[in-house]
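**Student:** Structure for the following, please:
(one chain, ligands or ions: 1)
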Amino acid sequence: MREYLGLPVAAGAGSRGDAGETIRSRRRDATGVPESDTVALDIDDEIATITIDRPDKLNALNVETLEALRSAIAEAENTGVRALVLTGAGEEAFIAGADISYMKDLGTPEAQAYAELGHDIARSLETFPAPSIAAVNGYAFGGGCELALACDLRVAAENAVFGQTEIDLGIVPGWGGTQRLPRLVNDEVARRLILFGDRIDATDAHEYGMVGEVVAHDQLDSRIDELTADLAAQPQFAVAAAKEAINQSYETDLGAGLEYEQRVFSGLFGTPDQREGMDAFVNKRDPEFE
Ligand code: COA
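**Tutor:** You can find the predicted model right below:
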């Protein structure tokens with residue numbers, strides 16, 4: 001992956017394709033992982049949409065699906081997209097969690113490997129060099145909720161239901177829920193959701209700060225299209241810098257975070273987008289970023 005100012009930058013950054021250019025790709029062999037029928041990657045005009053496509057199991061994530069998801073995220077990153085959308089196939093589920101049928105007989109070493117795989121994917125969404133958006137179109141339980149939490153933004157359809165339901169299975173969240181949920185909602189809410197395994201609707205999730213907005217189910221795609229189009233028009237290096245700086249605020253102490261911010265702020269000066277944005281302002285015109 002390319003770096004700019006010490007920040008990860010998607011390959012192809014700064015060379016936006018022609019408007020309307022569409023690359024449609026099903027995950028393929030190039031990554032070295034066998035093809036999957038349960039994860040689809042679509043790239044359209046520099047926006048990647050990854051769809052978990054296992055609706056008969058409410059898009060529950062078995063190992064094959066997780067590995068395909070990991071490859072799809074890597075492929076989207078290598079392609080150099082300006083936003084990544086994660087969603088689920090069908091009318092009912094975003095992702096109904098880790099695959100319970102697979103997990104039920106695991107011992108500790110296998111469970112550790114499964115946790116590492118889920119964590120790896122959550123982390124790749126969190127550190128993806130462009131904004132990631134969870135388009136939550138139904139059940140988001142357990143690992144599904146955790147992957148949504150790892151995205152930068154969450155948009156929920158009215159029928160979405162959220163839950164860290166692992167406690168009902170005699171376990172705890174294993175793909176980041178105990179760490180990311182308390183950072184997103186208040187501590188009491190996080191503890192209640194995790195300790196009781198409560199399932200909450202989109203309205204409550206919005207009230208608690210778990211999702212940024214709730215839209216009618218049939219409006220979800222168009223709202224995601226609006227958001228991704230807006231993101232695609234933003235200055236890409238600045239967006240990457242902003243995302244990374246915000247992420248740093250959760251991972252370092254305040255002094256180190258403030259120092260990091262100064263570095264990325266000053267480092268953006270001299271970039272074409274900085275010059276363009278400020279020239280557009282002083283000349284009273286709209287900026288056209290690279
Ligand atoms: N893992 C494996 N399979 C799952 C699953 C999961 N997390 N969630 C749903 N499925 C499967 C069901 O086993 C069922 O498969 P089958 O038709 O072969 O029996 C299919 O998906 C449909 O689910 P079903 O329970 O029949 O649908 P429902 O509409 O009655 O209930 C839910 C939907 C989401 C409320 C229910 O499936 C559920 O509670 N799932 C588990 C959620 C969970 O605890 N996730 C956290 C895992 S860590």
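
**Student:** Spatially, and excluding backbone neighbours, which residue is closest to Ala96.
**Tutor:** Excluding the flanking residues, the one nearest Ala96 by CB to CB, 6 or more residues apart in numbering is Leu58, at 3.6 Å. Heads up, the C-betas are built off the backbone N, CA and C, glycines and all.

**Student:** mind pulling up the phi and psi values for that neighbour?
**Tutor:** Note on Leu58: backbone dihedrals following degrees, to the nearest 10 are phi 50, psi 30.

**Student:** Equivalent analysis for the one 3 residues further on, please.
**Tutor:** Here is the backbone geometry of Leu61 (degrees, to the nearest 10): phi -100, psi 100.

**Student:** Report the beta-bridge partners for it.
**Tutor:** Listed beta-bridge partners, Leu61: Ala98 (assigned using DSSP bridges).

**Student:** Can you get me a residue count around it?
**Tutor:** Applying other CB atoms under 10 Å, we find 30 other residues in the vicinity of Leu61.

**Student:** Return stretch 93-106 as CSV; C-alpha atoms alone will do.
**Tutor:** The C-alpha atoms that make up stretch 93-106 are tabulated as CSV, following Å, rounded to 0.1, in the frame of the first residue of the first chain:
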residue,chain,number,x,y,z
ALA,A,93,-30.4,-9.5,7.5
PHE,A,94,-27.3,-7.3,7.4
ILE,A,95,-25.2,-10.1,9.2
ALA,A,96,-26.8,-12.3,11.8
GLY,A,97,-23.4,-12.8,13.4
ALA,A,98,-20.7,-15.4,13.5
ASP,A,99,-21.8,-18.9,12.4
ILE,A,100,-23.1,-20.6,15.5
SER,A,101,-23.3,-24.0,13.8
TYR,A,102,-19.5,-23.7,13.2
MET,A,103,-18.7,-22.4,16.6
LYS,A,104,-20.6,-24.7,18.8
ASP,A,105,-18.0,-27.5,19.0
LEU,A,106,-14.9,-25.4,18.9
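
**Student:** Can you give me the buried ones in that stretch?
**Tutor:** Across stretch 93-106, burial judged by 16 or more other CB atoms under 10 Å covers 93-99, 102-103.

**Student:** can you check stretch 68-83 too?
**Tutor:** Of the residues in stretch 68-83, those with enough neighbours to count as buried (16+ other CB under 10 Å) are 68-77, 79-83.

**Student:** of those residues, closest to the ligand?
**Tutor:** For the buried residues of stretch 68-83, the minimum distance to the ligand (CB to the nearest ligand atom) is 14.9 Å, reached by Leu69.

**Student:** surely the closest one meets Val63?
**Tutor:** No. Using CB atoms under 8 Å, Leu69 is not in contact with Val63; the gap is 10.5 Å.

**Student:** Pretty sure the residue nearest to Ala96 sits against Asn137.
**Tutor:** No. In this structure Leu58 lies outside contact range of Asn137 using CB under 8 Å: 11.4 Å.

**Student:** who touches both of those two?
**Tutor:** Shared contacts of Leu58 and Asn137, defined by CB atoms under 8 Å, 6 or more residues apart in numbering, are found at 88, 93.

**Student:** quick one: which of these two has more around it?
**Tutor:** A direct count of neighbours by other CB under 10 Å for Leu58 and Asn137 places Asn137 higher, at 26 against 20.

**Student:** for that one, phi and psi?
**Tutor:** Phi and psi for Asn137, reported as degrees, to the nearest 10, are phi -110, psi 20.

**Student:** Count residues in the vicinity of the residue of the stretch 101-250 of the chain found nearest the ligand, would you?
**Tutor:** For the stretch 101-250 of the chain, the residue positioned closest to the ligand under CB to the nearest ligand atom is Gly142, at a distance of 2.5 Å. By the other CB under 10 Å criterion, the neighbourhood of Gly142 contains 30 residues.
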